[in-house]
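**Student:** Next input, structure requested:
(one chain, ligands or ions: 2)
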Amino acid sequence: MPNKPIIISICSEKGGVGKTTTTINLAGGLAKRGKEVLMVDLDQQQNASHALGYVKDGRPTSAELIYNTVAGIPIDYAEAIRTCGNGVDYIPSSPMLTNITGTIANDTENDSNFVLRRLLCNEVFAGYDYILLDCRTILDLLISNALNASNYVIIPVDLGIYAYNGLDKMLDKVASINNTTNRDLRVLGVLLNKIQRTTVNTSLAESIRSEYDELTFRTALPYCPAQTEAAVLNQTSCVFDERSSLGKAFMEFTDEVLSITEK
Ligand SMILES: Nc1ncnc2c1ncn2[C@@H]1O[C@H](COP(=O)(O)OP(=O)(O)OP(=O)(O)O)[C@@H](O)[C@H]1O
Ligand SMILES: [Mg+2]
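**Tutor:** Ligands and ions are numbered 1, 2, ... in the order given. Have a look, this model is predicted:
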């Protein structure tokens, strides 16, 4: 069995590709398969936090955890963990994350690349099977911290004409982290999202699969705007109904993730 917890960053420099959608639905899927799951929101937009039902409550967010860890001020990590209805625990983010890199860079006593790794080593996180990190789009020091704390990275790609740009930049970033601060980081997979049955879309999907064959997940996610809207409107969370085509695809994806990470 792998060491617990398995930490996965969901990351891409390209915006709107499905990082947050993937994070919360994978978290929900893993919980459905009986895993203890924690989602940490590392994006000041707070989309993942709100999707899981977060309402500002005065308790610590990921930003305070990072600030206090850097400053060496004790903080109750357990107080930052919220629970939501689908069996997933989460730590929300806050707008304070916007300027966090300056703070992290000031961590001169310890290595500023490893603030998040140090934080996640706290014993309150030891009981989780999986910790998923929903990353923001800028590949800055915060995201380097996420990648340095992670065993794996998932890179969602939406099939627009600029798909390759974002993917290559992200793979370069992983390679540079591999060469410097985290040799153990592995690309868990490239996840093709928003698949449509158009000629352009199909040929883009095929060329990404042939170029990044061993890196691409077997499961691809269909483009389903109606289901996405329904999920947001009908629930406080946008975790998809398992019977919908996106819900089914996310469960298939979850099982693929389990089959790789539990080898
Ligand atoms: N397979 C899909 N079918 C339809 N809509 C989708 C699909 N995947 C994601 N979306 C929609 O695309 C938009 C962007 O998705 P999401 O917020 O998950 O991307 P992101 O990469 O986290 O964005 P950001 O860069 O802003 O953090 C959202 O409105 C989401 O509901
Ligand atoms: Mg997002």
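**Student:** For stretch 11-25, C-alpha coordinates in PDB please.
**Tutor:** C-alpha atoms of stretch 11-25 as PDB (Å, rounded to 0.1, in the frame of the first residue of the first chain):
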ATOM      1  CA  CYS A  11      -2.700  22.400 -12.000                       C
ATOM      2  CA  SER A  12      -2.400  24.200 -15.300                       C
ATOM      3  CA  GLU A  13      -1.200  27.600 -16.300                       C
ATOM      4  CA  LYS A  14      -4.200  27.900 -18.600                       C
ATOM      5  CA  GLY A  15      -7.400  29.300 -17.100                       C
ATOM      6  CA  GLY A  16     -10.900  27.700 -17.300                       C
ATOM      7  CA  VAL A  17      -9.600  24.300 -18.300                       C
ATOM      8  CA  GLY A  18     -11.500  22.400 -15.500                       C
ATOM      9  CA  LYS A  19      -9.000  22.400 -12.600                       C
ATOM     10  CA  THR A  20     -11.600  23.100 -10.000                       C
ATOM     11  CA  THR A  21     -14.300  21.000 -11.600                       C
ATOM     12  CA  THR A  22     -11.900  18.100 -11.700                       C
ATOM     13  CA  THR A  23     -10.700  18.700  -8.100                       C
ATOM     14  CA  ILE A  24     -14.100  18.600  -6.500                       C
ATOM     15  CA  ASN A  25     -15.500  15.800  -8.600                       C
END
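**Student:** is it anywhere near ligand 2?
**Tutor:** Yes. Counting by Cβ under 5 Å from the ion, contacts between stretch 11-25 and ligand 2 involve 19-20. C-beta coordinates here come from the backbone N, C-alpha and C atoms, glycine included.
**Student:** Mind listing what's buried along that stretch?
**Tutor:** 11-14, 17-25 (16 or more other Cβ atoms under 10 Å).
**Student:** what's the answer for stretch 246-261, then?
**Tutor:** So, applying 16+ other Cβ under 10 Å, buried residues of stretch 246-261: 246-247, 249-254, 256-258, 261.
**Student:** ditto for stretch 155-175
**Tutor:** Those would be 155-160, 163, 166-167, 170-171, 173-174, for stretch 155-175 by 16+ other Cβ under 10 Å.
**Student:** Show me which pair in the buried residues of stretch 246-261 is furthest apart.
**Tutor:** 246 and 261 (21.9 Å; Cβ to Cβ).
**Student:** Show me which residues of the stretch 51-200 of the chain are close to ligand 1?
**Tutor:** Counting by Cβ under 6 Å from any ligand atom, the positions of the stretch 51-200 of the chain adjacent to ligand 1 are 137, 193-194.
**Student:** Could you list the low-pLDDT ranges of this structure?
**Tutor:** Residue ranges of the chain with pLDDT under 70: 1-3, 229-239.
**Student:** The buried residues of stretch 246-261 also near ligand 1: which ones?
**Tutor:** Answer for those near ligand 1 (Cβ under 6 Å from any ligand atom): residue 246.
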